[in-house]
Every structure is written in C-alpha cells, then in structure tokens.
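# the following block contains a protein sequence and its predicted model.
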Amino acid sequence: MKEIILNLRDDLKEKLSPQRYEHTISVSFICTALAMRYGADLEQSELAGLLHDCAKYYGDGNIIKKCEKQNIFLTSDELKAPVVLHAKYGAWLAEHKYGIEDKEVLDAIRWHTTGRPDMSLLEKIVFTADYIEPRRDKAADLPIVRSVAFIDLDECVYIILKGTLEYLEGKGYFVDSMSVQAYDYYKKIHEMKKGEL
Ligand SMILES: Nc1ncnc2c1ncn2[C@@H]1O[C@H](COP(=O)(O)OP(=O)(O)O)[C@@H](O)[C@H]1O
C-alpha cells in the first residue's frame, strides 16, 4: 500500500496544478487525522483523500464529454452544475485508471463534493477533510468547523452542508439537489441531538 500511495503522489504531482496538488496532500493527511479520531482505516482514508480530486485536471465542459464517452449516467442536476462532476468522474478514474477496487474508497471519492444522506464514515471523513484542510482559507466559519470536525463528525457535516448551501444560494448558483437531501438528513440528526440536551 505504501508504494501505491507514493506512486500515486508522483502521478498526481505531474497532472495537477501545484495548488491542487498541495490541497490533495493536505486532504489526504487530514483524512488520516480524522481516521485516527474516529477509528477508520488509515490506509483507505489516505488513499481516498489522495484521489478525491484526481479528475480536477479536466475543465467543467470537458468533464461532461469525458463522462458521456464512458457511458457514465449524469443526472439533470449534474448537467446543470458540472462543477460537482469531478467527484463522479474521479471515482471512475480511480477505478479504471488507478486500479482501485475498494468500493468504500470509490464511494468516498464519488460523494466528496455534494455529500449524500447517510454517508459512511469514510465518506464523511473525505467530505470533511476537503473543507477543513489547512490550505483552505475562504470560508469565514473555518475555525469552528475545524474544531467541531474532531468532536462530532455528523454535526460537522451538517455545518459544512448548511454553509455550502447558503454560499451557493447567495451567489445564485445552481444547486445539485443531492446536497439538499444530505442537508435535510444531517439537520434531522442535529435536531435530535439538540432535543436530547
Ligand atoms: N450541491 C452542489 N451544487 C452545486 N455546486 C456545489 C454543490 N456542492 C458543492 N458545490 C461546489 O462545487 C465546488 C467544488 O467543490 P469541492 O469538490 O468541495 O471543492 P474542491 O474541488 O475545490 O476540493 C465548490 O465551489 C462548491 O461550492
């Protein structure tokens, strides 16, 4: 496994922009930190983090064509928000180009951008690491999200989805409804916990 990781790093360094590569490495290490905290598999987490943006070197227009060429089904939402498609195409690349067979790793790559209801632990780890990694600096709520990430992962996913939906709606961008479904799911968990306090 260690050799696979090192070879993957070399390959991604060649393909991704320096900033994207830096983000990729940061995400893979934050994935391992969250895995230590929540008892997930360290190697699966590092691998999923490393490959989460492997399709980022294709632009939004190109990525639709790439998916169509491979007969990857695209929802009408994904066609309207192609920015989310690097996750779906990334999972395809991870399987077919990088030879990853582990379905849990492929699903964590697949759902890292929109999230989905009832995510696996590995999916939540990659989704969260992508948002909190130390090179990120845009979102105002990062300090609180970073601390919640290591206290309550479901609550952290809820806060990230809430912030992302507010950001996208504020900008007037089209929202892939998968994030809305994920938000509704994690909001229920958030409210159930509040009721218990
Ligand atoms: N449900 C959604 N609909 C539309 N855009 C979304 C959705 N969820 C996330 N995005 C946007 O997709 C972009 C890529 O997100 P993400 O994969 O998390 O970041 P990155 O690729 O930089 O690691 C971000 O600008 C984010 O706001």
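Right, received. Where do you want to start? Numbering: from 1, shown residues only.
# separation between the most centrally placed residue in the chain and residue 6?
For the chain, residue 112 is the residue whose C-alpha lies nearest the centre (C-alpha atoms, centre = their mean; 2.0 Å). Going from residue 112 to residue 6 by C-beta to C-beta, to the nearest Å gives 22 Å. All C-beta spots, glycine's among them, are computed from the backbone N, C-alpha and C.
# where along this structure do the helices fall?
2-15, 18-38, 42-51, 60-69, 76-80, 85-96, 103-110, 121-132, 142-149, 153-171, 177-196 (DSSP state H).
# the closest residue to residue 23 other than its chain neighbours: how many residues sit nearby?
Among residues not flanking residue 23 along the chain, residue 135 sits closest, at 5.5 Å (C-beta to C-beta, 6 or more residues apart in numbering). Counted with other C-beta atoms under 10 Å, residues neighbouring residue 135 total 12.
# near the ligand, which residues of the chain show up?
Residues of the chain found near the ligand (C-beta under 6 Å from any ligand atom) are 53, 81, 83-84, 113-114, 130, 164, 168, 173, 175-176, 179.
# span of stretch 171-180 from start to end?
The straight-line separation of the ends of stretch 171-180 (C-alpha to C-alpha, to the nearest Å) is 16 Å.
# list the contacts of that stretch.
With contact meaning C-beta atoms under 8 Å, 6 or more residues apart in numbering, stretch 171-180 is reached by 75, 77-78, 80-81, 84, 114-116, 161, 164-165, 168-169.
# my guess is residue 92 contacts residue 70. True?
Yes - the criterion here is C-beta atoms under 8 Å, and residue 92 meets it with residue 70 at 6.0 Å.
# higher neighbour count, the two?
Taking other C-beta under 10 Å, residue 92 and residue 70 do not tie; residue 92 has more neighbours (18 against 11).
# can you tell me how far the more buried one sits from residue 106?
Residue 92 is 9 Å from residue 106, by C-beta to C-beta.
# next, count neighbours for the closest residue to residue 11 other than its chain neighbours.
Of all residues not flanking residue 11 in the chain, residue 98 sits nearest, at 7.9 Å (C-beta to C-beta, 6+ apart). Neighbour count of residue 98, defined by other C-beta under 10 Å: 17.
# any idea how far residue 98 is from the ligand?
As judged by C-beta to the nearest ligand atom, to the nearest Å, residue 98 and the ligand stand 18 Å apart.
# about what we covered before: dump the residues of the chain next to the ligand to a markdown table, plus neighbour count and pLDDT.
Below are the residues of the chain next to the ligand laid out as a markdown table (neighbours: other C-beta atoms under 10 Å; pLDDT from 0 to 100):
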| residue | neighbour count | pLDDT |
| --- | --- | --- |
| 53 | 22 | 97 |
| 81 | 21 | 95 |
| 83 | 14 | 95 |
| 84 | 21 | 97 |
| 113 | 23 | 98 |
| 114 | 23 | 98 |
| 130 | 22 | 98 |
| 164 | 19 | 96 |
| 168 | 16 | 97 |
| 173 | 12 | 97 |
| 175 | 18 | 98 |
| 176 | 24 | 98 |
| 179 | 21 | 98 |
